[in-house]
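Novice: Just the structure for this:
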Amino acid sequence: MLHLRRCLLAHLLSSPATPPYRLLSLAAPAVSTSPGFAAEEFLVDNCGLSRAQAPKAAAKLSHLKSPTNPDAVLAFLAGLGLSSADVSALVAKDPRLLCASVDTTLAPNVAGLTGLGLSHAEIVRLVSLAPDKNPL
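Specialist: This next block holds a predicted model:
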């Protein structure tokens, strides 16, 4: 089992086609204007992004009408054991992670990884080790 974990982690970390943080993310739906959700403030207050990072990240979340789904994603990530700094780094890399469905995307992907023998701590480590391919 340990050999399988090492091989899996080595493959995931060496594969440029699918960076590890993308294992949990999903492309955002089409962008539309929505005056009801202050994405920049949410990113600063809830995700730990800086005021300089927030506008660029918020542009990728402009279709959101409420913080309901991003709050659910943040709660799910915290439940996995990701630290505030890890969550901030993930959201800075790909803000669309906040658009992913916990029930249909995040939880099944984590379940798949745990089914391969990875613990939540190993998944957290894998996700937090993801290279920063698209810095804000």
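Novice: The protein: helices as residue ranges?
Specialist: 2-14, 39-47, 54-59, 68-80, 84-93, 107-115, 120-128 (DSSP state H).
Novice: right, and those - which one's nearest Ser101?
Specialist: Closest approach to Ser101 among the helices of the chain (CB to CB): helix 68-80, 7.4 Å. Placement of C-beta: from N, CA and C, glycine included.
Novice: can you list the residues that contact the closest one?
Specialist: 42, 46-47, 61, 64, 86-87, 90, 97-102, 106-107, 110, 120, 123-124 (CB atoms under 8 Å, 6 or more residues apart in numbering).
Novice: Try it again at 7 Å.
Specialist: 42, 46, 64, 87, 97-100, 102, 106, 110, 120, 123-124 (CB atoms under 7 Å, 6 or more residues apart in numbering).
Novice: thinking again about what came up before, mind putting the helices of the chain in TSV, mean pLDDT and mean neighbour count included?
Specialist: What follows is those, written out as TSV (pLDDT from 0 to 100; neighbours: other CB atoms under 10 Å):
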stretch	mean pLDDT	mean neighbour count
helix 2-14	56	11
helix 39-47	94	19
helix 54-59	94	17
helix 68-80	95	17
helix 84-93	91	19
helix 107-115	93	14
helix 120-128	84	17
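Novice: Could you count how many residues lie near Ala52?
Specialist: 8 (other CB atoms under 10 Å).
Novice: Need the pLDDT of it.
Specialist: Ala52 is assigned 95 on the pLDDT scale.
Novice: Report how many residues lie close to Ser50.
Specialist: By other CB under 10 Å, neighbour count at Ser50 equals 12.
Novice: Let me fix that, I meant to ask about Thr104.
Specialist: 10.
Novice: Next: Gln53.
Specialist: For Gln53, the neighbour count with other CB under 10 Å is 20.
Novice: I'd assumed Val91 was in contact with it.
Specialist: No - contact criterion CB atoms under 7 Å: Gln53 and Val91 do not qualify, at 8.9 Å.
Novice: if we can go back for a sec, okay, the contacts of helix 68-80 in a markdown table with distance to Ala75 next?
Specialist: Output for these, formatted as a markdown table (distance: CB to CB, whole Å):
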| residue | distance to Ala75 |
| --- | --- |
| Phe42 | 14 |
| Asn46 | 11 |
| Leu64 | 16 |
| Val87 | 11 |
| Leu97 | 13 |
| Leu98 | 12 |
| Cys99 | 15 |
| Ala100 | 13 |
| Val102 | 8 |
| Leu106 | 11 |
| Val110 | 13 |
| His120 | 15 |
| Ile123 | 16 |
| Val124 | 15 |
